[in-house]
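S.K.: Here you go, sequence then predicted model.
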Amino acid sequence: MSNMAMSQEDRQVLSALAAARETHEELADLLDFYSDLYQVQFEAKARVPAPELRDELARSWRLEGGIPQVTFPQLGIEPALLAEIVDQVLQVLQRHNPGWEEPPKEQDPAQLVALAQRIYDTWETLTAPGSAAEQGDEAWSQNHPTALAVGFALVPYLTRCADEILPHLDLDQWVHGYCPVCGGRPNLALLEEERGARRLLCSRCNSLWNYGRTGCPFCRSKEKQTYYPSEDNVYRLYTCPDCNRYLKTVDLRELHREVVPVVERLVTVGMDLAAQQEGLRS
């Protein structure tokens with residue numbers, strides 16, 4: 001698959017991912033999967049429609065009110081294109097998980113859009129254990145290939161929105177621990193080189209925004225969080241005793257190379273496993 005339609009930034013992500021694979025041979029299977037997945041998502045992002053921008057007053061009103069900028073209808077999802085992206089993602093999932101049961105060859109595009117809205121509105125269902133089983137809906141299971149594929153197929157729409165909207169936002173007005181663009185929760189933080197200011201990375205649209213150095217972005221507890229540093233002090237795992245969540249953090253003051261946040265999110269998967277074994281969630 002060609003990457004001619006991709007943005008320069010997306011091509012740089014793929015290059016960084018290839019470099020990370022050379023460094024992290026133990027993660028070869030994971031990084032190969034995401035390389036194929038990102039290829040599909042980045043090419044799809046170049047095809048999905050740009051969102052219609054709200055006027056400056058509306059954008060400011062939402063920022064001040066703590067309301068994310070994007071609603072599901074603004075994604076402009078056209079059923080046939082979504083179905084095409086879902087099919088491409090399913091091929092990647094099947095290629096890297098050959099033991100999985102193959103999903104139906106023909107899937108109703110309108111039903112895929114309905115599932116996409118359900119995922120958009122309750123994103124954590126795909127990452128938090130128990131939610132799907134409680135709903136008793138097999139097609140909604142976090143491990144069901146179609147649900148996973150639709151969730152992955154939403155990413156190009158969300159990242160396209162972020163690319164278009166974020167430059168127009170005065171993020172000094174945003175003081176919340178969820179994304180100002182799509183409302184997603186962070187799953188990585190960066191401590192900036194100059195002053196150690198903390199920036200959060202959205203788990204859904206990959207937006208970055210500033211958040212206070214202290215306190216939990218998930219529950220806003222002001223209690224001091226515990227953190228566990230890596231041996232080289234580049235990475236930290238922050239945990240909140242109040243909401244039992246964790247946040248991986250990269251200290252850029254200790255890292256002497258260019259950082260691509262979405263790749264750092266992948267190469268730190270060992271921190272996710274360690275935290276989840278302790279009963280924490282992201």
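M.R.: In hand now; what should we look at?
S.K.: all helices of the stretch 1-150 of the chain, in order?
M.R.: Taking DSSP state H, counting those that start in this stretch to define them, one finds helices in the stretch 1-150 of the chain at 8-23, 28-45, 56-65, 79-96, 109-121, 131-135, 145-165.
S.K.: again with the stretch 151-282 of the chain
M.R.: Secondary structure of the stretch 151-282 of the chain (DSSP H, counting those that start in this stretch): helices located at 261-267, 269-277.
S.K.: what's the distance between E194 and T249?
M.R.: Distance from E194 to T249, counting by C-beta to C-beta, to the nearest Å: 16 Å. Glycine gets a C-beta too; all of them are placed from N, C-alpha and C.
S.K.: out of those two, which sits in the busier spot?
M.R.: Here E194 and T249 are compared on neighbour count by other C-beta atoms under 10 Å; more neighbours surround T249, at 24 against 7.
S.K.: quick one: that one from E22, how far?
M.R.: Here the criterion is C-beta to C-beta. By it, T249 lies 24 Å from E22.
S.K.: list the contacts for C161?
M.R.: Contact criterion C-beta atoms under 8 Å, 6 or more residues apart in numbering gives P51, Q69, V70, Q74, L75, V181, C182, C205 as the residues in contact with C161.
S.K.: before we move on, what about G215?
M.R.: G215 makes contacts with S221, K222, E223, Q225, as judged by C-beta under 8 Å, 6+ apart.
S.K.: For L255, find the nearest of the helices of the stretch 1-150 of the chain.
M.R.: helix 8-23 (13.1 Å; C-beta to C-beta).
S.K.: tell me the mean pLDDT for the closest one?
M.R.: Across helix 8-23, the average pLDDT comes to 97.
S.K.: try stretch 177-189
M.R.: Confidence over stretch 177-189, taken as the mean pLDDT, stands at 96.
S.K.: Relative to H256, how far out is the closest residue to D251 other than its chain neighbours?
M.R.: Spatial nearest neighbour of D251, chain neighbours left out: L191 (4.6 Å); criterion: C-beta to C-beta, 6 or more residues apart in numbering. With the distance defined as C-beta to C-beta, L191 ends up 14 Å from H256.
S.K.: More neighbours: which of the two?
M.R.: More crowded of L191 and H256, by other C-beta under 10 Å: L191, with 18 against 8.
S.K.: wait, doesn't the more buried one sit right on R198?
M.R.: Yes - counting by C-beta atoms under 8 Å, L191 sits close enough to R198 to count as a contact (5.8 Å).
S.K.: Need the overlap of contacts for these two.
M.R.: Shared between the contact lists of L191 and R198 (criterion: C-beta under 8 Å, 6+ apart) are residues R213, T249.
S.K.: Pull the contacting residues for the nearest residue to P180 once chain neighbours are set aside.
M.R.: Spatial nearest neighbour of P180, chain neighbours left out: W174 (4.5 Å); criterion: C-beta to C-beta, 6+ apart. Each residue near W174 by C-beta under 8 Å, 6+ apart is listed here: L63, G66, P180, W209, N210.
S.K.: What confidence value was assigned to E52?
M.R.: You'll see E52 listed with a pLDDT of 89.
S.K.: my read: it touches Q74, true?
M.R.: Yes - counting by C-beta under 8 Å, Q74 is a contact partner of E52 at 6.7 Å.
S.K.: picking up where we left off before, taking the contacts of W174 one by one, which sit in strands?
M.R.: Counting by DSSP state E, the contacts of W174 place W209, N210 in strands.
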